[in-house]
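J.: Structure, please.
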Amino acid sequence: MRILIELPTWLGDAVMVSPAIENLANFQNEVEITLIGSFASIEVFKNHQKVIKTVVLDKKYSSLVKISRELGSFDAFFSFRKSFRAKFLKLLISANNKHQFKKFKYPNRHQVEKYNDFVNDILGTNFPARKLVLQAINSTLSTHNLKLGINPGASYGSAKRWYPEEFAQVAAELSEKYDIVIFGGLGEVDIANDIEKSLIEKGITNYQNLAGKTTIPELINQISSLDLFITGDSGPMHIAATFQIPTVAIFGPTNHDETSQWMNEKSMIVKKNLECQPCMKRTCPLKHHNCMKMVVASDVLRAVKTFN
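T.: Got it, this is the predicted structure:
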């Protein structure tokens, strides 16, 4: 059975779709999967044993026509995207059966469950949404010290980001017990550098700043080796859930019922429960950003103590 899958765009969604992908891959013994999607999502799954081909999509509509012709025909096409562009691609793809994810068909469900319900509806199955699935090579250097990862970024938008001075305060307070690893993508290097500068000013030297320096497989490997992770609602947060890393997740504008860590028993959420939460906006529509501004280092440190 030849299956074409269009993956979600964001790294976090790509991780959250992994149980649904596993259920598709194991639906029949002889399944061959071709994946199309963003660079980030393809990086997550490119080494899956059932994946025979991957194609990174660009943003040009004209390229979709060319790619759809080059891909050939399939028994089934599953798109985990709901955009107009995904609908256009669905029209172009040659497949006996075509299916597109509809987010609002599955209200009041975690995003992992929504993706999995979509697959169950199409296949006529009742597969449970199992744990997240990622592969780590574990090639990071082992040390005798515990490792704390801090992730100040969130690619979706600034509304989801906690403040670098607060991250630095937390890291400084925990630096006697943990070596510190700062994570971030290419667009978050400045934020990570602000944290590094603050740590230097506090006389903290046992840290690494990896922002903008890791591939996605390297990021997965690094996070899999952590002893504690402090992050906003982000792709790396979901990677940490995959490996059951003790995590404090700071939530502001997003809905923790839908996008919190999936099946990580070692997860704590810090949030303020304001009337304006969750607004689901990329930037604060009220211009005050209180959902994140009112969270302070002591709130996060109290959550960390629950793991001790």
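
J.: On the three-state scheme, the residue lying farthest from the centre of the chain is what?
T.: Using CA atoms, centre = their mean, the residue of the chain lying farthest from its centre is residue 203. It sits 32.3 Å away. Following DSSP: H, G, I helix; E, B strand; the rest coil, we place residue 203 in the coil state.

J.: Kindly report the same for residue 113.
T.: The assignment at residue 113 comes out as helix when based on three-state DSSP.

J.: and it, what does it touch?
T.: Residues counted as contacts of residue 113 (CB atoms under 8 Å, 6 or more residues apart in numbering) are 106, 129. Bear in mind the C-beta positions are built from the backbone N, C-alpha and C, glycine included.

J.: Look up how far residue 248 lies from it.
T.: Residue 113 sits 23 Å away from residue 248, taking CB to CB, to the nearest Å as the criterion.

J.: One more: residue 186?
T.: Noted for residue 186: a distance of 25 Å to residue 248, by CB to CB.

J.: the more surrounded of the two?
T.: residue 248 (24 against 10; other CB atoms under 10 Å).

J.: where does the more buried one land on pLDDT?
T.: Looking at residue 248, its pLDDT reads 98.

J.: go on, residue 138?
T.: At residue 138, pLDDT is 65.

J.: likewise the one 4 residues further on?
T.: What the model reports as pLDDT for residue 142 is 57.

J.: count of neighbours near residue 305?
T.: 8.

J.: residue boundaries of the helices in the stretch 101-250 of the chain?
T.: With DSSP state H, counting those that start in this stretch as the criterion, the stretch 101-250 of the chain has helices at 111-123, 164-174, 189-201, 216-224, 235-242.

J.: In the first one, which residues are buried?
T.: Using 16 or more other CB atoms under 10 Å as the burial criterion, the residues of helix 111-123 that qualify are 111, 112, 113, 114, 115, 116, 117, 118, 119, 120, 123.

J.: which of the residues you listed sit farthest apart?
T.: Across those, no pair lies farther apart than 111 and 123, at 19.1 Å, counting by CB to CB.

J.: what ranges do the strands span in the stretch 201-308 of the chain?
T.: Taking DSSP state E, counting those that start in this stretch, the strands of the stretch 201-308 of the chain run over residues 207-209, 228-232, 247-250, 267-270.

J.: Please disregard the earlier target; I meant the stretch 1-150 of the chain.
T.: Ranges of strands within the stretch 1-150 of the chain are 2-6, 32-37, 51-56, 73-79, 94-100, 146-151, based on DSSP E, counting those that start in this stretch.

J.: what's the angle from the shortest one to strand 32-37?
T.: Spelled out, that is strand 2-6. Counting by axes from the mean of the first three to the mean of the last three CA atoms, to 10 degrees, strand 2-6 lies at 20 degrees to strand 32-37.

J.: avg pLDDT for strand 2-6?
T.: For strand 2-6, the mean per-residue pLDDT is 97.

J.: what's the answer for the second one, then?
T.: Throughout strand 32-37, pLDDT has a mean value of 97.

J.: okay, the angle between it and strand 73-79?
T.: Going by the same axes, to 10 degrees, strand 32-37 makes 50 degrees with strand 73-79.

J.: how far out from the middle of the chain is strand 32-37?
T.: Remark: strand 32-37 is offset 19 Å from the chain centroid, using CA atoms, centre = their mean, to the nearest Å.

J.: Let me see the domain layout of the chain.
T.: According to automatic domain parsing, the chain comprises the domains 2-123, 146-305.

J.: ok, and for stretch 152-171, which residues are buried?
T.: Neighbour counts over stretch 152-171 (16+ other CB under 10 Å) mark 152-156, 159-164, 166-171 as buried.

J.: Please disregard the earlier target; I meant stretch 53-69.
T.: By 16+ other CB under 10 Å, the buried positions in stretch 53-69 come out as 54, 57, 64, 67, 68.
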